[in-house]
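Novice: Sharing a model prediction with you, sequence too.
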Amino acid sequence: MPNTVYRELQNLVTEARNEASNGVDSKSIHQILHIINAEDQRIPAIVEKEIPYIEKAVEILVTAFKNGGRLFYIGAGTSGRLGVLDASECPPTFGTDPGMIQGIMAGGFSALIKAIEGSEDLADQGAADLAEKGFTSKDVVCGIAASQRTPYVIGALEEAKRLGGKSLYITCNHRSELQLDVDVSICPVVGPEVVMGSTRMKAGTATKLVLNMLTTCTMIRLGKVYDNMMVDLQMNSKKLEERSKRTVMMITGVDYKEAEEVLEQSGGHVKTALVMILAEVPAEVAKARLLENDGFVRKAIE
């Protein structure tokens with residue numbers, strides 16, 4: 001008789017067969033690629049339907065960050081790796097503290113490069129890994145599980161609720177089937193995969209889009225962007241040094257030499273350099289203005 005896990009899987013959209021890819025093993029390379037591409041083209045419109053829920057999640061994150069809270073992504077397999085990826089990209093892109101957004105993955109960081117599949121079945125470990133990070137009522141956990149049933153992720157979400165924190169959940173199965181008590185669920189139902197159950201494909205793509213929207217929109221609302229440009233990036237590589245100079249030049253109209261000089265005076269802080277030039281004030285005044293205006297360049301120069 002089939003066990004509980006078997007019964008769960010047979011009812012999930014992410015575990016169903018895709019009629020569009022029937023017989024794919026007999027197709028030419030050209031045909032296979034067109035089948036995959038056709039399925040992928042459906043994803044943005046599906047994610048668009050979840051914008052009302054993504055908006056609610058962003059509001060939770062903005063409030064949490066303003067109150068000194070943190071965001072923890074937690075997942076297993078592809079879902080876990082995507083969370084770790086998004087978390088790791090925020091410091092160089094937005095100048096955030098590495099502790100502000102963190103990724104937790106079933107099996108630990110070694111699972112990033114080598115699958116440790118059984119680790120996803122350990123609900124208690126998910127709870128323990130979150131608690132080990134010192135999760136508090138000020139923090140937010142975002143569980144990521146394409147299949148919605150991953151015990152490791154569910155354990156962490158239940159622990160977050162017990163500790164009084166906020167919880168978000170990203171899954172590629174129907175919201176109506178969720179039985180978890182979370183603050184916001186984001187459910188881009190992308191349908192069966194081209195290769196049955198391979199959720200690194202459409203489900204992974206949809207998840208990446210949602211994570212990009214969550215952190216990018218949140219950071220814009222926290223003043224990390226001026227106009228449509230990164231202004232809190234860290235000058236810790238040659239590329240980022242030159243991008244910083246180019247950003248200052250494009251926004252203010254100064255030449256390369258002046259941008260370089262003002263950035264040096266600002267301590268390598270693009271925001272400060274922008275306020276110095278646009279408001280015609282020295283570095284200390286520019287820093288004070290930014291502090292008074294929650295880091296928003298536009299408010300600081302007005």
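Specialist: In hand now; what should we look at? Numbers count the residues shown, from 1 in each chain.
Novice: any idea of the mean pLDDT in the helix or strand harbouring Lys271?
Specialist: Assigned by DSSP states H and E, Lys271 falls within helix 270-278. The pLDDT scores in helix 270-278 average 95.
Novice: For it, list the C-alpha coordinates in PDB.
Specialist: Output in PDB follows, covering the C-alpha atoms of helix 270-278 (Å, rounded to 0.1, in the frame of the first residue of the first chain):
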ATOM      1  CA  VAL A 270      28.200  56.700  -3.600                       C
ATOM      2  CA  LYS A 271      25.200  58.200  -1.700                       C
ATOM      3  CA  THR A 272      27.300  60.700   0.100                       C
ATOM      4  CA  ALA A 273      29.100  61.600  -3.000                       C
ATOM      5  CA  LEU A 274      25.800  62.300  -4.800                       C
ATOM      6  CA  VAL A 275      24.500  64.500  -2.000                       C
ATOM      7  CA  MET A 276      27.800  66.400  -1.900                       C
ATOM      8  CA  ILE A 277      27.600  67.200  -5.600                       C
ATOM      9  CA  LEU A 278      23.900  67.800  -6.000                       C
END
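Novice: which residues of the stretch 201-302 of the chain fall in strands?
Specialist: In the stretch 201-302 of the chain, the segments counted as strands under DSSP state E, counting those that start in this stretch are 225-226, 229-230.
Novice: What strands flank the first one, and is each parallel or antiparallel?
Specialist: Same thing as strand 225-226. strand 229-230 (antiparallel) (DSSP bridges).
Novice: in the chain, which helix or strand is least confident?
Specialist: Every helix and strand of the chain was ranked by mean pLDDT, DSSP states H and E. The lowest is helix 4-10, at a mean of 58.
Novice: and the next element down the chain from that one?
Specialist: helix 29-40.
Novice: Return the alpha-carbon coordinates of that next one using CSV.
Specialist: Output of helix 29-40 as CSV, limited to C-alpha atoms (Å, rounded to 0.1, in the frame of the first residue of the first chain):
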residue,chain,number,x,y,z
ILE,A,29,17.4,18.9,-30.3
HIS,A,30,15.6,21.7,-32.1
GLN,A,31,12.1,20.4,-31.0
ILE,A,32,13.2,19.7,-27.4
LEU,A,33,14.5,23.3,-27.0
HIS,A,34,11.3,24.8,-28.4
ILE,A,35,9.2,22.7,-26.0
ILE,A,36,11.3,23.9,-23.1
ASN,A,37,11.2,27.5,-24.3
ALA,A,38,7.5,27.5,-24.9
GLU,A,39,6.8,26.3,-21.3
ASP,A,40,9.3,28.9,-19.9
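Novice: What mean pLDDT does it get?
Specialist: Helix 29-40 carries an average pLDDT of 96.
Novice: got a list of contacts for that helix?
Specialist: Residues from elsewhere that reach helix 29-40 (Cβ atoms under 8 Å, 6 or more residues apart in numbering): Asn18, Ala20, Ser21, Val24, Lys27, Gly191, Glu193, Val194, Met201, Lys202, Thr205. C-beta coordinates here come from the backbone N, C-alpha and C atoms, glycine included.
Novice: Closest to Thr272 out of those?
Specialist: Nearest to Thr272 among the contacts of helix 29-40 is Thr205, at 37.7 Å by Cβ to Cβ.
Novice: OK, contacts around that closest one?
Specialist: By Cβ under 8 Å, 6+ apart, the neighbours of Thr205 are Asp40, Ile43, Val190.
Novice: Much appreciated, bye for now.
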